[in-house]
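Trainee: Take this sequence and fold it.
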Amino acid sequence: GGGGGEESSGQSEFALHEKIATEGDFCSYTFRDLNLGATCRCYVQAHAGLNEVSNSGYFGVCEVPSEPSNTVSFVPSAPPIPGRLRLVQFSNEGLTVSWGEPVEFGAAETSGYQMMRNREPYGERLPPETRQMTMSDVMPGERLELQLVALSDHVIGRKRFVMEGFTSVQYFMRAMTTETPDGQQRVANNASPYSTDSRKLQTVDGYDGCLPGAALSVTYTGLLVPPTDVHVLSVTGSTATVKWSRWSQVKSLVEHYALTESFRVSWWPAGGEHESRYLDTHDFQATIKFLRPSSTYCVTVEGRRQEDNNLLVSATSDVISFTTGHPPGLPGNLRVVDEGTDAATIAWEPPVVQGYQLLGYRVECRETLDGEREIQGSRRMVTNLPADVTRFTLERLEHTSRYLVILMVLSDRFFEASPLDLEPGQPVPERYTWEQLDNQWLPYLKCSVTTACAGHPLDLFPSRVAPNAVLLKWVPGGSLEQVLTWHEYSESGLHSSRYLDQARVEGKSRALEVTGLEPATVYEFNLARTDRRGDTVFHHKLFLRTPAPIQPPTVFITGYTSSTISLEWNRPQLHLDHERVFSTRLVHRDLIGYRVIINGKEYRERVGPDHKSVVLTKC
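Mentor: Predicted coordinates for the structure are as follows:
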C-alpha cells in the first residue's frame, strides 16, 4: 500500500492512492492524473495480515501496517507547449508569423524552437527568446501548413516514453486537460495544441518528446506590388518632397494581387538605420521635414493594406537616396561707410544664392560698452530689409556711443527650419532677438559702429542715471590714460575732502558705469587724461544729482464690465527720511503725474498728479 499528495501552501496532504499485492522482492507503481508542474510527495507502507470468509458471508480482516517509508518528492514534467502561431504580415519579401510565450511544465524549460512547414522541419533552430519569423521563399498562391515545435533539453523532451499501453504523448494529452489545484485548466479540452493521432505526429531529430503545436494554414495571396517610380520631387536644406505611383488598374486584375490602400514613407540618415522615422499617408507624395543640412538620407515607400483579421499586407519599394541643401552663404564685405553724431551707414555685398530663395535681411543694432557687451536696459533697434538692398543707414543713434550691428540673411530655408511660429516671406517680429532666431539657416555678420561727439571733444555726459548708479560717456583719448574720480558735492558748495572712488580706464574706453552711489545726492565727476609722465593733459568736470527713489503706488480694481476696467491707486509718499552713512536727510519729491502701463505698453497718455483713478476702455 502507499500514500501520496501534492504540496499546497507549504503544507503536505497525503491520500491513499491504491493497495497493490506484492509480487516478488520488487514492486512498482505508476501515478496518473497528476497536475503538471506541481510538486508531489509520496511514501510507502507495508501491510501484513489475513483475510478469511466466514460461513455468514462476512470478511475477517487482520492487518498490521508498517511505519511509513521515506518520503520522495518529484515534479511531473512534460514538453513545453508552444504559443499559437499568428499570421502578422504579408509583404513582397515573404510572410511573417509570430507566437506568444510557451507553457512550461516542471523542469522541462524551453531551449529553442523549430518551425515545421508542411510537416517538415524548416530553417535553422531558433533561440528561445525568438517570437517572430519571416519566410521569404514563398510563391504567390502557395498553400502552407505551419507548425511550431517548442524544444526542451530535458530528458522528457529528448525521448518519447511508453507506459502501460499509453505513449508519453497520449499520457501527456490526458494530463494536460486535467484541472490544476486552483480549479483552472492549463489547456482547454476543445483547443488542444496537439493531434492525438500518433501516426500524424512529426518530431524533430533528437527531440522525440517535443511535438508540433496547432497547425496554421496559410494561402499566400492578396499581395501588393511595391510603389513604382519613387523619386524626390524637390529638396531644400531641411525638407524633401517624395513622389511615387501606385500599381495600375490593369495589373490589379492579375491573380493573387490587390490594390494598395495607404502608404508609409520611411527615411533615415545614410549609415544610421537605427534613426529611422516614418509618416503615413493616403496620397501619392509626402513632404519630409526637419532634416539636417548637407546630409544624405535614404528613403523607401511601403504600400500597406490592413485585413479584417489585423493581418498587415505590405510591399516596399527600393531604397533611394538624396542630399539636403547647404545653408545660405554669408554676405560679403560688411563695412561702415559713414559715421555721424546720430547716424551711421553700413554696406555689404549680397550672398551667393545656390538652391534657396533670398527673402531679405534683418538688421539688429544694440548699444554696447566695448563693442560686444550690451548695456542693460539700452534701446534695441530692429529693421527688416528687402532682398535687393545692400546699403542701410542706422538713425536716431546717440552721439559718442558704440553700437553692435548684426546683419542677418533671411531665406526660405530659415522659415522652414525655424521652431518659431513665423510666416514665410513676412517680416520677422521685432520682439524676437538675434539669440532667439539664431540657427544654422540664419547666417549673419557683425560689425561695430561708433558715433561722433556732438559737443566739446572732452564732453563728459550721463547716458543713464539711476538712484544708485550712473552710466557716463565721453570721447576716447587715444593712447592717453584716463582717470575718472568722483565725490559728493557738499550743500555749502565746497568740495568734500572725502573721495568716494576713482577708476583708471584705457585711452580707447568711452564709457564707465559707476555704482554704489547714494540717491538724491549731488556728485562731482572729474575726467582727467594723463600722458606717459603722469602730467594732466585734458580735464573735464560734471555735476550730477542722483534721483530719489519713490515707492510705487498700489493699484486696485474697483469695477469692470465686458469692455471696461476701473482702477484706483494710493498717492505715493513724497517725503522720505533717507538714512545715510553719517547722517539722516529729509528728501522731498515733486509729483508730476502717473503712467499707466498695460502688458508692457503705456496706456494713452500720462495721468495728472491730482488723479488717483482711471477707467480703461475697449478692453
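Trainee: tell me the phi and psi of Leu437?
Mentor: Leu437 adopts backbone torsions of phi -90, psi -20, taken as degrees, to the nearest 10.
Trainee: My read is that it contacts Pro429, right?
Mentor: No - Leu437 lies out of contact with Pro429 (Cβ atoms under 8 Å); the separation is 10.2 Å. Any C-beta I mention is one placed from the backbone N, CA and C, and that applies to glycine too.
Trainee: Which one of those two is surrounded by more residues?
Mentor: Leu437 (20 against 12; other Cβ atoms under 10 Å).
Trainee: From Arg362, how far out is the more buried one?
Mentor: 8 Å (Cβ to Cβ, to the nearest Å).
Trainee: show me where the stretch 151-300 of the chain has helices.
Mentor: With DSSP state H, counting those that start in this stretch as the criterion, the stretch 151-300 of the chain has helices at 155-158, 168-176.
Trainee: Out of the ones you listed, which gets the lowest mean score?
Mentor: The minimum mean pLDDT among the helices of the stretch 151-300 of the chain belongs to helix 168-176 (a mean of 45).
Trainee: Mind pulling up the pLDDT for the residue lying closest to Arg504 once chain neighbours are set aside?
Mentor: Closest residue to Arg504 apart from its sequence neighbours, by Cβ to Cβ, 6 or more residues apart in numbering: Val483 at 5.4 Å. Looking at Val483, its pLDDT is 82.
Trainee: can you pull the contacts of Val483?
Mentor: With contact taken as Cβ atoms under 8 Å, 6 or more residues apart in numbering, Val483 is in contact with Gln502, Ala503, Arg504, Val505, Leu527, Ala528, Arg529, Thr530.
Trainee: Of those, which is the most crowded?
Mentor: That'd be Leu527 among the contacts of Val483, by other Cβ under 10 Å, with 23 neighbours.
Trainee: Neighbouring strands of the helix or strand encompassing that residue in the sheet, and parallel or not?
Mentor: Element membership for Leu527 (DSSP states H and E) is strand 522-530. Its sheet considered, strand 522-530 pairs with strand 481-489 (antiparallel), strand 536-545 (antiparallel) by DSSP bridges.
Trainee: chain center to it, what's the gap?
Mentor: Distance of strand 522-530 from its chain centroid, counting by Cα atoms, centre = their mean, to the nearest Å, is 58 Å.
Trainee: Any figure for the gap between the residue nearest to Arg504 and Glu506?
Mentor: Between Val483 and Glu506 the computed distance is 11 Å (Cβ to Cβ).
Trainee: And Thr546, by the same measure?
Mentor: Distance from Thr546 to Glu506, by Cβ to Cβ: 26 Å.
Trainee: before we move on, what about Pro128?
Mentor: 77 Å.
Trainee: quick one: the strands in the stretch 101-250 of the chain?
Mentor: For the stretch 101-250 of the chain, strands defined by DSSP state E, counting those that start in this stretch occupy the ranges 103-105, 112-117, 120-126, 132-135, 143-151, 162-163, 166-167, 216-219, 228-235, 240-245.
Trainee: To Glu23, which of those lies closest?
Mentor: strand 162-163 (18.2 Å; Cβ to Cβ).
Trainee: how many other residues sit next to Val313?
Mentor: Using other Cβ under 10 Å, Val313 has 21 neighbouring residues.
Trainee: got it, and Leu484?
Mentor: Quick note: Leu484 (other Cβ under 10 Å) scores 21 neighbours.
Trainee: wait, it sits on Tyr523?
Mentor: No - counting by Cβ under 8 Å, Leu484 stays clear of Tyr523, with 11.6 Å between them.
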